[in-house]
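Enquirer: let me see the structure of the following:
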Amino acid sequence: MVEQQEASEDVVMTRIGQALMLLHGGDREEARNRFGVIWAEIGEHGDPLHRCTLAHYMADAQDDAGDELAWDLRALAAADGLGQDRLDAHQASLAVRAFYPSLHLNLAADYVKLHRPDAARIHLDRAHAALDALADDAYGNGIRAALDRLERRLEGA
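Expert: Coordinates of the predicted model:
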């Protein structure tokens, strides 16, 4: 039974990864379609890791800022329901709290696109408050740099 669950887990994450490759390759429509099929299968109440991962990437595949915001909010809600034990079962080197700087950065960027600077500032503050969860590595430094860029953009608006 555990082996079946692990195999199912691997299949879902692999399918999300395949759709992500399409997105990164520039095929946003096909990536959206595949993410949508997976979302329909896992559902709004499915595994929080799958929902968080899929919603995070589905947001990036959106053409409309409002749709992007809706998916980023789903990713945040799923992260809020994701326990460290579940994440450890997927990859022990990850920490749930390390998801939050990126999730809040994405929400802040969404709100900037939607001309809602007050909401953007709230999520920038939350992203900054969660930065201690990130390592001093390329990923962490990339998130910090993106936060700085978005803050400067917001200040200039």
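
Enquirer: what's the helix or strand for the residue positioned nearest the centre of the chain?
Expert: Residue closest to the mean C-alpha point of the chain, counted by C-alpha atoms, centre = their mean, is His56 at 2.8 Å. Remark: His56 resides in helix 48-60, with elements defined by DSSP states H and E.

Enquirer: put the alpha carbons of that helix into CSV.
Expert: These are the backbone C-alpha positions of helix 48-60, laid out as CSV (Å, rounded to 0.1, in the frame of the first residue of the first chain):
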residue,chain,number,x,y,z
PRO,A,48,-1.4,19.7,-0.3
LEU,A,49,2.0,19.2,-1.8
HIS,A,50,0.5,18.4,-5.2
ARG,A,51,-1.9,21.3,-5.0
CYS,A,52,0.8,23.8,-3.9
THR,A,53,3.2,22.7,-6.6
LEU,A,54,0.7,22.6,-9.3
ALA,A,55,-1.0,25.9,-8.4
HIS,A,56,2.4,27.6,-8.1
TYR,A,57,3.3,26.7,-11.6
MET,A,58,-0.2,27.1,-13.0
ALA,A,59,-0.1,30.7,-11.9
ASP,A,60,3.0,31.2,-14.1
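
Enquirer: other SSEs contacting the worst-scoring helix or strand of the chain on mean pLDDT?
Expert: The helix or strand of the chain with the poorest confidence is helix 84-90; it has a mean of 73 (mean pLDDT, DSSP states H and E). Counting contacts by 3 or more C-beta pairs under 8 Å, 6 or more residues apart in numbering; DSSP states H and E, helix 84-90 is packed against helix 2-24, helix 48-60. Heads up, the C-betas are built off the backbone N, CA and C, glycines and all.
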